[in-house]
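S.K.: Sequence and predicted structure are below.
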Amino acid sequence: MARWQSLAALAAAAAATAILSGLLYRRKCARLTARVRELENSLADAAEKAAAERRGRVRAQQSLRKALSEQGETQDKEKPSKAAASYPMVPIGTVQSCFSTRNGTPRQPLVVPLARATVVLDPARVPAAALEGLASYSHCWILYVFHLNTDLDKMWKDPARSKLKAKVRVPRLKGVKMGVLATRSPHRPNPIGVSVTKVEAVDGHAVLLSGVDLVDGTPVLDIKPYLPYSDSVKGAAIPNWLEVEDALAVESIHFSERFISSLSDCWVHVQKQTLYASADEFQDLIKEVLSWDIRSLSQRIRPHQVTLEHETDNYASKCDKDYRKKEDCEATDSCSVVAYHLHLEGIDVSYKIDENSNVVVDNAALLHSAANQNRCCYLTWRDKLSTL
C-alpha cells in the first residue's frame, strides 16, 4: 500500500513538473513572439524612414536639377552656345604606356598585341580593393580622355570659340570625310575614348594591360570588365570600306645592322624602366607597330614635304624636338625617302618606308626624356607574369 502511495506521489510530482514546464515554455514562446513582433515593427519603421529619406533625396535632386536647368536656360538666353548643365569627372588613374607620343600609337586596340601599358590608380580616389576580381577577367574596357587634343582648352574654357567639325578625314578612305560620330576619331564633341585591352596582371593600385592603343599620360575615367555574352555582337554589320583587309598593312620590315647595334646600346639605359623583358622582345614590338603604315594621310601623299617637326608629336618636349632636328631627314627633290621617327619606351626609333611600303628600321637613339624612375617596369610584374 505504501508503495502505491509513493508511486502516486511521484506521478503527481511528474505531472506537476510537466505542467509547470509547459507553462514556462508557453510564456517563453509568448515573450519571443512579442520580441519578434517588436523587431519586425522596428525594422518596418526603419525601412519606412529610409524610404522617406530616399524620397527626400530624390525630391532634392530633382529640385536641384530643375534649378540648374532654369539657370542654364537663363544663361542660354545670354550665351546660347553654353551648355545647360555639366557632369564634371575626375580621372581615377593615369596610363604609363610604351607609346611616348601619339605618333605610332595604334589607331585601334588589340591590333598590336605586344603594346603594353600600366594603369596606375590614384590611391586618394580609388582603394586597391576596387580592383579585386579584375584579374579573373581576360579583358577589360578602359574609358579615358583624349588629353592631347589641341582644342581642349577652347572646348572646356570657351565653348563659343570651339566649333565641332561634323566630318573628319578617315585614313582607310585616303582622306574621304565621314561623320565624326561614325568614326573612332579622337576629335569628338566630348573627347572620351574607350578601348578593350587584355588584362595581364593586377597588383595593388596597378593593372598591367596589353594590346593597348593608349599614349603615355592618358587620364583614365573608368575600368569595366569585358563580358563576351553582352559585349560581343554576332553578325554585327560594318560599312564596306571597313571590310577591306590589310588596307594599311606594309609589304615588309627589315632591321638594319646599325639599328640592332644602336638598340643594344640604348637597352643598357632603359632596361630597368621598360615593360619588356629583353631587347629582342622590344624589337618584336617595333615590328608589330610598323606592320601597319602609321603615317598620316598627308605624310603618305607628300612624303618629300614632311619635316621631322611636323611628323612628330606636338606634345613632345622641347629637348626631344631639338634632338630630332639634329637627325638627318633625307627629304630632297631628288629623293622621296624620308626618315620617320617612332618613340617607344624612351627610345627614338628611326625608319624609312619606300613607295612600295617596304620598311627599313635604321637606327635607335636614347631620348633625353627617357630618365624616368617613377614607372612600373617589367621587373615590377615579372613575378606576377611568371605565374600566368
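M.R.: Great, that's in hand.
S.K.: May I have the distance across stretch 218-235, first residue to last?
M.R.: One end of stretch 218-235 to the other measures 33 Å (C-alpha to C-alpha, to the nearest Å).
S.K.: cool, stretch 238-246 as well?
M.R.: Stretch 238-246: ends 16 Å apart by C-alpha to C-alpha.
S.K.: Enumerate the positions of it that are buried.
M.R.: By 16 or more other C-beta atoms under 10 Å, stretch 238-246 has no buried positions at all. All C-beta spots, glycine's among them, are computed from the backbone N, C-alpha and C.
S.K.: And the helices in the stretch 101-250 of the chain, which stretches?
M.R.: Per DSSP state H, counting those that start in this stretch, the stretch 101-250 of the chain has helices spanning 152-157, 228-231. These are given in chain order.
S.K.: So which of those is the most surrounded?
M.R.: helix 152-157 (a mean of 13; mean count of other C-beta atoms under 10 Å).
S.K.: which residues of the chain score low on pLDDT?
M.R.: 1-3, 5, 65, 68-69, 71-84, 157-162, 302-337, 370-373, 386-388 (pLDDT under 70).
S.K.: what about the longest strand in it?
M.R.: Among the segments of the chain that qualify as a strand by DSSP state E, the longest is strand 192-203.
S.K.: ok, that one: who's next to it in the sheet?
M.R.: Here strand 192-203 is paired, per DSSP bridges, with strand 139-145 (antiparallel), strand 206-210 (antiparallel).
S.K.: Tell me which of those strands sits nearest to Ser97.
M.R.: Closest to Ser97 of the strands paired with strand 192-203 is strand 206-210 (C-beta to C-beta; 9.1 Å).
S.K.: re earlier: please convert the helices of the stretch 101-250 of the chain to a markdown table, extending it with distance to Ala339.
M.R.: Putting the helices of the stretch 101-250 of the chain into a markdown table (distance: least, C-beta to C-beta, whole Å) gives the following:
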| stretch | distance to Ala339 |
| --- | --- |
| helix 152-157 | 31 |
| helix 228-231 | 41 |
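S.K.: which one of the ones you listed lies closest to Lys49?
M.R.: Comparing the helices of the stretch 101-250 of the chain by C-beta to C-beta, helix 228-231 comes nearest, at 37.2 Å.
S.K.: Packing partners of the closest one?
M.R.: Counting contacts by 3 or more C-beta pairs under 8 Å, 6 or more residues apart in numbering; DSSP states H and E, helix 228-231 is packed against no other helix or strand.
S.K.: Now the following helix or strand past it: buried residues?
M.R.: Sequence order places strand 252-255 as the next helix or strand after helix 228-231, per DSSP states H and E. Residues Ile253, Phe255 are the ones in strand 252-255 that count as buried (16+ other C-beta under 10 Å).
S.K.: what's the following helix or strand after strand 252-255?
M.R.: Criterion used, DSSP H and E; the element after strand 252-255 is helix 257-270.
S.K.: Could you check how far that following helix is from the centre of its chain?
M.R.: Counting by C-alpha atoms, centre = their mean, to the nearest Å, helix 257-270 is centred 31 Å from the centre of its parent chain.
S.K.: other SSEs contacting it?
M.R.: Using 3+ C-beta pairs under 8 Å, 6+ apart, helix 257-270 sits against helix 279-290, strand 347-353, strand 358-366.
S.K.: how much does that helix deviate in direction from strand 358-366?
M.R.: Orientation note: helix 257-270 sits at an angle of 40 degrees relative to strand 358-366 (axes from the mean of the first three to the mean of the last three C-alpha atoms, to 10 degrees).
S.K.: contact partners of helix 257-270?
M.R.: With contact meaning C-beta atoms under 8 Å, 6 or more residues apart in numbering, helix 257-270 is reached by 278-279, 282-283, 345-347, 349, 361-366, 370.
S.K.: Buried ones among the residues you listed?
M.R.: Applying 16+ other C-beta under 10 Å to those, the neighbour count classes 279, 282-283, 345-347, 349, 361-366, 370 as buried.
S.K.: With distance to Gly193 added, can I get the helices and strands packed on helix 257-270 in TSV?
M.R.: Shown next, in TSV, are the helices and strands packed on helix 257-270 (distance: least, C-beta to C-beta, whole Å):
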stretch	distance to Gly193
helix 279-290	19
strand 347-353	25
strand 358-366	27
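S.K.: out of these, nearest to Pro109?
M.R.: Of all these, helix 279-290 comes closest under C-beta to C-beta, at 13.1 Å.
S.K.: How many residues are close by Ser296?
M.R.: Residues lying near Ser296 (other C-beta atoms under 10 Å) number 14.
S.K.: Distance check, it against Asp151.
M.R.: Relative to Asp151, Ser296 is positioned 17 Å away (C-beta to C-beta, to the nearest Å).
S.K.: just Arg54 next, same as before
M.R.: Distance of Arg54 to Asp151, computed by C-beta to C-beta: 42 Å.
S.K.: Of these two, which one has the most company?
M.R.: Per other C-beta under 10 Å, whichever of Arg54 and Asp151 has more neighbours is Asp151, with 14 against 10.
S.K.: was I right about the more buried one contacting His187?
M.R.: Yes: assessed by C-beta atoms under 8 Å, Asp151 is found in contact with His187 at 7.2 Å.
S.K.: In space, not sequence, find me the middle residue of this protein.
M.R.: Ile142 (2.6 Å; C-alpha atoms, centre = their mean).
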